[in-house]
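Undergrad: only geometry, no sequence info:
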């Protein structure tokens, strides 16, 4: 993390996913492309060997973030050949997904504009076709990422030839032969938060995930899956908090704990993947110790 | 709170207690004296009618904080006459206690130096004698505030006449006729944190306080008292966390909850008096959701 940079003014976060999680040198190259842009800071790099996929979290002033995003997509296209890529995670591009997130002094509308500009540039400057998703989508059937990406590169390379409705928003008609296509969009800040259970019973983890997710009248904006940890040691309820303003990690933990106890199982440690916003921390404290209210004005360092 | 000021560089906090908690105009005057000093920010003002006492929390660059502290003591001496002061809380001065606390880019040693300078100035500029306590004490028997202040102004005014060992560190030999003396010192950041019990049984609150305080192999640096809320609605375990680096509010809450359950009572809401440091918030989250570790580098806004 480049601790020397101190960013002022409006801040946008960008969280691109790249189809490379094994060759450290390749991931470092992309990361360095991003970090070399002034007024941009790399906050986190997370690589997964099994998925053969990396997530780089960076933030900065909007125009600088756009430049860094395009530079990263250029480097990824040079380094990654999807025809040779193996990994279990669905992916359509060397730079697979590229969401923009409003963080400070800017709105979702600003991020939609930025996403559309970057999507246009990736086609015009790199000849990689792009789709728009999330708040930046221009069609209702492209709001959800999985509806755009389908099963990924191989399937979509065929589909776009036969079905005009599958064509990219910018460029095409076909995908790039080695870099595929990139799905660019705008979304809310997302907290990736997982709670382990002291059990190896996958059915229980899936049951609890089912019980707590928004769809089933659980917590607002909460997505949840039950899975077994790669180590095989225990099962986990893996969640995405998409409304960090409304739902704190503590609330998720406590609900998982209660649902686990109903099933005779104990909740164990939990983990945060990547970063969380300040409101997740402050609201977790408020909820865990039953404060009537709490905001960052009660934290001394944030008031100086 | 003066939101327009943004402080840079080393920061010291000062938390003077004044023997006035009833006349709002008087408290406002002292507060405004402090706030008018450049590079100083008033963070909190807490007045208690019964105790007839106010606590003003302010912070800023060390030299500016010293100036504001002396200005506040000057205003308090002008506005408060201890011979006419009524209140149940022990007090020795118009400005009763004045601790300095290291917050950012400074050490306890810096605060000791600052406290001694301010104590000297309060005597030289205002003719109010001062005692040194806490880390700034020059004698072992003056480290603890209660050992310096004893039962307060009336008792100490008499004691200093008879007993040379009771004389102030600066000035004297007697106390100021209306402003008494001020006990100036340096200490760690202190988090004032209270947990309500769903009970009116004062004995239970006192039992729990007894069980959790450091003295009885409870939490490190934790001071705790059992008391009945003024409203009479319930009892409370009132604590001071003096090692916020080691003990989080959540840990206190959880321990009170466990001890209460042992006694057949439920823990209710809790409250923070004044401010807490960022580590109290971050560590509370770490402890409540069983993270292996957590620090502020995982909070996006604090990394920009």
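TA: It's in. Predicted model only: the values in this text are computed from it and were never measured.
Undergrad: sec struct for the residue in the stretch 1-150 of chain A positioned nearest to chain B, please.
TA: Here the stretch 1-150 of chain A gets closest to chain B at one residue, residue A:7, 4.4 Å apart by C-beta to the nearest C-beta. All C-beta atoms are positioned from the backbone trio N, CA, C, and that covers glycine. Here residue A:7 is recorded as coil under DSSP: H, G, I helix; E, B strand; the rest coil.
Undergrad: Let's see the pLDDT reported for it.
TA: Predicted confidence (pLDDT) for residue A:7: 78.
Undergrad: Next, it: phi, psi?
TA: When read as degrees, to the nearest 10, the backbone of residue A:7 gives phi -90, psi 140.
Undergrad: what about it, neighbour count?
TA: By other C-beta atoms under 10 Å in any protein chain shown, the residues close to residue A:7 number 17.
Undergrad: Is stretch A:266-274 positioned near chain B?
TA: Yes - Stretch A:266-274 lies within reach of chain B by C-beta under 8 Å from any C-beta of the partner chain, at A:267-272.
Undergrad: among those residues, which are in helices?
TA: Among the residues of stretch A:266-274 next to chain B, none falls in helices (DSSP state H).
Undergrad: need those residues in JSON lines with pLDDT and neighbour count, can you?
TA: Output for these, formatted as JSON lines (pLDDT from 0 to 100; neighbours: other C-beta atoms under 10 Å in any protein chain shown):
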{"residue": "A:267", "pLDDT": "97", "neighbour count": "23"}
{"residue": "A:268", "pLDDT": "96", "neighbour count": "17"}
{"residue": "A:269", "pLDDT": "94", "neighbour count": "14"}
{"residue": "A:270", "pLDDT": "95", "neighbour count": "24"}
{"residue": "A:271", "pLDDT": "92", "neighbour count": "16"}
{"residue": "A:272", "pLDDT": "92", "neighbour count": "17"}
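Undergrad: can you tell me which of those residues are in strands?
TA: Applying DSSP state E to the residues of stretch A:266-274 next to chain B, the entries found in strands are A:267-272.
Undergrad: Quick check: the closest residue to residue A:40 other than its chain neighbours vs residue A:103, distance?
TA: Sequence neighbours aside, residue A:60 is the residue nearest to residue A:40 in space, at 3.6 Å (criterion: C-beta to C-beta, 6 or more residues apart in numbering or on different chains). Distance, residue A:60 to residue A:103, by C-beta to C-beta, to the nearest Å: 10 Å.
Undergrad: Looking at those two, which one has more neighbours?
TA: The neighbour count for residue A:60 versus residue A:103, taken as other C-beta under 10 Å, is higher for residue A:60 (28 against 19).
Undergrad: mind listing the helices for chain A?
TA: A:24-35, A:62-79, A:108-126, A:145-149, A:153-162, A:202-212, A:249-262, A:278-288.
Undergrad: Next, format those helices as TSV and append distance to residue B:214 and mean pLDDT.
TA: Output for these, formatted as TSV (distance: least, C-beta to C-beta, whole Å; pLDDT from 0 to 100):
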stretch	distance to residue B:214	mean pLDDT
helix A:24-35	46	96
helix A:62-79	49	98
helix A:108-126	49	98
helix A:145-149	52	90
helix A:153-162	61	91
helix A:202-212	38	96
helix A:249-262	26	97
helix A:278-288	22	95
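Undergrad: closest one to residue B:290 among those?
TA: helix A:249-262 (7.6 Å; C-beta to C-beta).
Undergrad: That closest one - contacts with which helices or strands?
TA: Helices and strands touching helix A:249-262, by 3 or more C-beta pairs under 8 Å, 6 or more residues apart in numbering or on different chains; DSSP states H and E, are strand A:191-197, helix A:202-212, strand A:235-241, strand A:267-273, helix A:278-288, helix B:278-288.
Undergrad: Next, format the ones you listed as JSON lines and append distance to residue B:51.
TA: Listed next are these as JSON lines, based on distance: least, C-beta to C-beta, whole Å:
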{"stretch": "strand A:191-197", "distance to residue B:51": "42"}
{"stretch": "helix A:202-212", "distance to residue B:51": "46"}
{"stretch": "strand A:235-241", "distance to residue B:51": "43"}
{"stretch": "strand A:267-273", "distance to residue B:51": "42"}
{"stretch": "helix A:278-288", "distance to residue B:51": "28"}
{"stretch": "helix B:278-288", "distance to residue B:51": "25"}
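Undergrad: The ones you listed: which one's closest to residue B:126?
TA: That would be helix B:278-288 among those, by C-beta to C-beta, at 34.9 Å.
Undergrad: List the buried residues for the closest one?
TA: Of the residues in helix B:278-288, B:278-288 count as buried by neighbour count, 16 or more other C-beta atoms under 10 Å in any protein chain shown.
Undergrad: what sits in contact with each of residue A:60 and residue A:103?
TA: Listed as contacting both residue A:60 and residue A:103 by C-beta atoms under 8 Å, 6 or more residues apart in numbering or on different chains are A:11-12.
Undergrad: For the stretch 201-304 of chain A, which residues are neighbours of chain B?
TA: So the stretch 201-304 of chain A meets chain B at A:249-250, A:253, A:267-272, A:275-278, A:281-282, A:284-285, A:288-292, A:294, A:297-304 (C-beta under 8 Å from any C-beta).
Undergrad: Find the nearest non-adjacent residue to residue A:85, please.
TA: Leaving aside its chain neighbours, residue A:85 sits nearest to residue A:19 (5.2 Å; criterion: C-beta to C-beta, 6+ apart).
Undergrad: Next, count neighbours for residue A:25.
TA: Neighbours of residue A:25 using other C-beta under 10 Å come to 8.
Undergrad: same question, residue A:274
TA: For residue A:274, the neighbour count with other C-beta under 10 Å is 17.
Undergrad: Which pLDDT value does the model give the closest residue to it other than its chain neighbours?
TA: Distance criterion C-beta to C-beta, 6+ apart; nearest residue to residue A:274, sequence neighbours excluded, is residue A:44 at 5.1 Å. Reported pLDDT at residue A:44 in the predicted model: 89.
Undergrad: got it, and residue A:1?
TA: Model confidence at residue A:1 (pLDDT) stands at 34.
Undergrad: The one 10 residues further on now?
TA: At residue A:11, the predicted lDDT confidence score is 94.
Undergrad: What parts of the stretch 51-200 of chain A come near chain B?
TA: Near chain B, when you scan the stretch 51-200 of chain A using C-beta under 8 Å from any C-beta, you find A:59, A:103-104, A:189, A:195.
Undergrad: From the residues you listed, which land in strands?
TA: Short answer: those in strands (DSSP E) are A:59, A:103-104, A:195.
Undergrad: how about those residues, which pair is most distant?
TA: Pairwise over those, using C-beta to C-beta, the maximum falls at A:104 and A:195, 28.8 Å.
Undergrad: care to break chain A down by domain?
TA: Domain assignment of chain A by automatic domain parsing yields the ranges A:11-186, A:191-301.
Undergrad: what's the residue of the stretch 1-150 of chain A closest to chain B in contact with, if anything?
TA: A:39, A:41, A:59-61, B:304.
Undergrad: May I see the PyMOL selection of the buried members of the residues you listed?
TA: In PyMOL, this line selects whichever of those come out buried by 16+ other C-beta under 10 Å:
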select buried, (chain A and resi 39+41+59+60+61) or (chain B and resi 304)
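Undergrad: Can you point out the buried residues in stretch A:125-142?
TA: Within stretch A:125-142, the residues that qualify as buried are A:126, A:128-137, A:142, counting by 16+ other C-beta under 10 Å.
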